[in-house]
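[1] coordinates for the following, if possible.
(one chain, ligands or ions: 1)
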Amino acid sequence: MPDHDTILDLAVTTAREAGALTLEWFARFRELEISHKGPADFVSEADFASERLIRERLLGAYPDWSLEGEEYAPTEGSDRTYRWLVDPIDGTTNFINGMDYTISIALRRGNETVLGALYNPVRDEMFTAVKGGGSFCNGERMRVSGQVDTRLFAIGTGLPTPNLSLYPGAYARLDAIRAPIGAVRIVGSAANSCAYVALGRLTGYFEETGFSDTAAGILCVEEAGGVVTDWWGRGPEFYERTGTMIVANAATHAFLIEQLKDVPKKG
Ligand code: IPD
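    Residues are numbered from 1 along each chain as shown. All right, here's what the predicted structure looks like:
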């Protein structure tokens, strides 16, 4: 088993390569207005190409490990201990509108995330984390915000697209947190939102979303001193399955648990 730094280097190089590849589509997003292709085809071409590249690099280096991505069926390796979780483009709606998206790669050993690389090619920001080894943005150590004043909280969330109606309570939750805090922000990529919490740009973030989008981001937040639970304050055995998560500094986390408790929820 190579050391974590060696594996992280591979994840970082791979995320950068996938970033460069997807930027070629991203740069042409205005062509969608005149293209015969719909947005779904446009983004899925980029998504598939990104995941293919990531699969080749990661499984090429560690052929016995498993890999679960968003676009292809999972690969089950002979070594069941290690599993990559990949989102080749997180923030597809942002992507087709020319806004920030991310590429997320996390490595799981059994039930824990041991390292992750999360890349925003538009801003050229690389977020990395190793369990027990801290989390970094472009090599600088990250710490969650120290903000404790509710009026200055900046809280990220997401409004799922499409079929918002399948997510009851989304607007009620916004309403529940809106009044006392400084700002609600929809970053448009769950992975990037987690990275922003780790960096202190957001004091917290909550959403119901896929775990493969957020596994690397969650480790970034934990390693930056943040709190991660589901909406009921429960641990990974719940939020990894349901995707209902809060990642935040301690003060924002306590606030969100309290504010969201009476709002209709799934999970
Ligand atoms: C989505 C994005 C979005 C979030 C959704 C996710 P995708 O992932 O992260 O910001 O609000 O919950 O599903 O579909 O772009 O990979």
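[2] can you name the residues of the stretch 151-267 of the chain that neighbour the ligand?
    158, 160, 188-190, 207, 209-210, 213 (C-beta under 6 Å from any ligand atom). Glycine gets a C-beta too; all of them are placed from N, C-alpha and C.
[3] ok, of those, which come out buried?
    For these, a burial check counting by 16 or more other C-beta atoms under 10 Å picks out 158, 188-190, 207, 209, 213.
[4] rewinding a little: ok, which pair from the residues of the stretch 151-267 of the chain next to the ligand is furthest apart?
    Gly188 and Gly210 (14.6 Å; C-beta to C-beta).
[5] re the thing from before, from the residues of the stretch 151-267 of the chain next to the ligand, which land in strands?
    Glu207 (DSSP state E).
[6] just the closest of the residues of the stretch 151-267 of the chain next to the ligand to the ligand, please.
    Ranked by distance to the ligand (C-beta to the nearest ligand atom), these are led by Gly158 at 2.6 Å.
[7] hmm, back to that, which members of the buried ones among the residues of the stretch 151-267 of the chain next to the ligand are positioned in helices?
    Residues of those located in helices (DSSP state H): 190, 213.
[8] want to try CSV for the buried ones among the residues of the stretch 151-267 of the chain next to the ligand, with pLDDT as columns?
    As requested, these are exported to CSV (pLDDT from 0 to 100):
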residue, pLDDT
Gly158, 92
Gly188, 96
Ser189, 97
Ala190, 97
Glu207, 94
Thr209, 91
Asp213, 95
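[9] from the buried ones among the residues of the stretch 151-267 of the chain next to the ligand, which is closest to Leu10?
    Asp213 (20.6 Å).
[10] spit out the contact partners of the closest one.
    Listed by C-beta atoms under 8 Å, 6 or more residues apart in numbering, the contact set of Asp213 reads 87, 90, 104, 189-191.
[11] then Gly226?
    144, 197-198, 247-250, 253.
[12] separation between it and Gly217?
    10 Å (C-beta to C-beta, to the nearest Å).
[13] what is in contact with those two at once?
    Joint contacts of Gly226 and Gly217 (C-beta under 8 Å, 6+ apart) are 197-198, 247.
[14] these in strands, which ones?
    Val247.
[15] which residue is the nearest non-sequential neighbour of Leu164?
    Ala170 (6.1 Å; C-beta to C-beta, 6 or more residues apart in numbering).
[16] I figured that neighbour hits Leu159, correct?
    Yes. In this structure, Ala170 is within contact of Leu159 by C-beta atoms under 8 Å, at 5.7 Å.
[17] pull up the per-residue confidence for Met45.
    Check again: residue 45 is Glu, not Met. At Glu45, the model reports a pLDDT of 88.
[18] export the strand or helix carrying it to PDB, keeping only CA atoms.
    Glu45 is part of helix 39-61, with elements assigned from DSSP states H and E. What follows is helix 39-61, C-alpha atoms only, in PDB (Å, rounded to 0.1, in the frame of the first residue of the first chain):
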ATOM      1  CA  PRO A  39     -27.900  21.100 -22.600                       C
ATOM      2  CA  ALA A  40     -28.200  17.500 -21.300                       C
ATOM      3  CA  ASP A  41     -26.200  16.100 -24.300                       C
ATOM      4  CA  PHE A  42     -23.600  18.900 -24.100                       C
ATOM      5  CA  VAL A  43     -23.000  18.300 -20.400                       C
ATOM      6  CA  SER A  44     -23.100  14.600 -20.600                       C
ATOM      7  CA  GLU A  45     -20.400  14.500 -23.300                       C
ATOM      8  CA  ALA A  46     -18.100  16.400 -21.000                       C
ATOM      9  CA  ASP A  47     -19.200  14.400 -18.000                       C
ATOM     10  CA  PHE A  48     -18.500  11.100 -19.700                       C
ATOM     11  CA  ALA A  49     -15.200  12.200 -21.100                       C
ATOM     12  CA  SER A  50     -14.100  13.500 -17.600                       C
ATOM     13  CA  GLU A  51     -15.100  10.200 -15.900                       C
ATOM     14  CA  ARG A  52     -13.400   8.100 -18.600                       C
ATOM     15  CA  LEU A  53     -10.100  10.000 -18.000                       C
ATOM     16  CA  ILE A  54     -10.400   9.700 -14.200                       C
ATOM     17  CA  ARG A  55     -11.200   6.000 -14.500                       C
ATOM     18  CA  GLU A  56      -8.200   5.400 -16.700                       C
ATOM     19  CA  ARG A  57      -5.800   7.200 -14.400                       C
ATOM     20  CA  LEU A  58      -7.000   5.900 -11.100                       C
ATOM     21  CA  LEU A  59      -7.700   2.300 -12.100                       C
ATOM     22  CA  GLY A  60      -4.500   2.300 -14.300                       C
ATOM     23  CA  ALA A  61      -2.500   3.000 -11.100                       C
END
